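S.K.: 3D model of this:
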Amino acid sequence: MESTKHTGLTVLAGPTAVGKGTVSTYIRDTYPEVWLSVSATTRPPRPGEQEGVHYYFKSAEEFDRLIEEGAFLEWAAVHGKNRYGTLRASVESAIAEGKAVLLEIDLQGARQVKAAMPDARFVFLAPPSWEEMVRRLVGRGTESPEEQQARLETAKIELAAEPEFDHTVVNDDVRRAADELVSLMGLTPHARQSAR
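M.R.: Residues are numbered from 1 along each chain as shown. Below is the predicted model of the structure:
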């Protein structure tokens, strides 16, 4: 039955601070043949983030209207604060064009996509260890200590969801993890010259 799966859509999810954004950015920069979905969000841009490249930044009112219109394939309130969503029309259009589509979303979103598109490929991005995940979260310095603690509590729950996924990729090295993910998508990883 495995051969009937996979609509051209791959969903990448995993716990907070595991490096989903870093891996997907590497794929966007290195594999132009992969169509990376851009999420809508109600959170303000972080330094360097661009409209339509990293996110579509929406007001709470705009986001509410899109929910009412059924415009999202999935959406969620993350950490009880900001909302994120994947616009259905853009994903369906890219799949229809035969593109290799990658959605980098949170666990709640992955479950919604699984309900809507069960034939997609679901990949769990796992940290090499709990200690490394804590180090990454604290090290990025984008959240207050309270937010960091809340995210770590959420991460413990998120790690337990790994069995719900078709594949697990360990993010021990961004390039290696990205190449493994691209392989799972049915594409050939780019050959690299070995560094000496």
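S.K.: Just the residues contacting the helix or strand of the chain with the lowest mean pLDDT, thanks.
M.R.: Counting by mean pLDDT, DSSP states H and E, the weakest-scoring helix or strand in the chain turns out to be helix 130-140, with a mean of 82. Defining contact as Cβ atoms under 8 Å, 6 or more residues apart in numbering, one finds that helix 130-140 is touched by 15-19, 127, 143, 148, 151-152, 155, 159. Every residue, glycine included, has its C-beta placed from N, CA and C.
S.K.: All the strands of this protein, residue numbers only.
M.R.: 9-13, 34-36, 39-41, 55-57, 72-78, 82-87, 100-104, 121-126, 167-170 (DSSP state E).
S.K.: Quick check: the residue lying closest to residue 187 once chain neighbours are set aside vs residue 91, distance?
M.R.: Nearest non-adjacent residue to residue 187, counting by Cβ to Cβ, 6 or more residues apart in numbering: residue 100, 5.9 Å away. Going from residue 100 to residue 91 by Cβ to Cβ, to the nearest Å gives 12 Å.
S.K.: I'd like the distance from the least confident helix or strand of the chain to the chain centre, please.
M.R.: 18 Å (Cα atoms, centre = their mean, to the nearest Å).
S.K.: Then stretch 109-125?
M.R.: 11 Å.
S.K.: buried residues in that stretch?
M.R.: Neighbour-count burial for stretch 109-125 flags 109-114, 117, 120-125 (criterion: 16 or more other Cβ atoms under 10 Å).
S.K.: ok, now stretch 159-174?
M.R.: Across stretch 159-174, burial judged by 16+ other Cβ under 10 Å covers 159, 161, 165, 169, 171.
S.K.: about what we covered before: okay, residue 100 and residue 91: which has more neighbours?
M.R.: It is residue 91, of residue 100 and residue 91, that has more neighbours when counted by other Cβ atoms under 10 Å, with 25 against 20.
S.K.: And that one, how far from residue 29?
M.R.: 21 Å.
S.K.: before we move on, what about residue 156?
M.R.: For residue 156 relative to residue 29 (Cβ to Cβ), the value is 31 Å.
S.K.: Low-confidence bits of the chain, can you list those?
M.R.: Within the chain, the segments meeting pLDDT under 70 span 1-7, 79, 191-196.
S.K.: Repeat the analysis, applying 50 as the threshold.
M.R.: Within the chain, the stretches with pLDDT under 50 are 1-5, 193-196.
S.K.: What residues of the longest helix along the chain count as buried?
M.R.: For the chain, the longest helix by residue count, based on DSSP state H, is helix 145-159. Going by neighbour count (16+ other Cβ under 10 Å), the buried part of helix 145-159 is 148, 150-152, 154-155, 158-159.
S.K.: which one of these sits closest to residue 24?
M.R.: The nearest member of the buried residues of helix 145-159 to residue 24, counting by Cβ to Cβ, is residue 158 at 16.9 Å.
S.K.: What are the phi and psi values at the closest residue to the closest one other than its chain neighbours?
M.R.: In space, and not counting its chain neighbours, residue 158 is closest to residue 15: 3.8 Å by Cβ to Cβ, 6+ apart. Backbone torsions for residue 15, taken as degrees, to the nearest 10, come to phi -70, psi 160.
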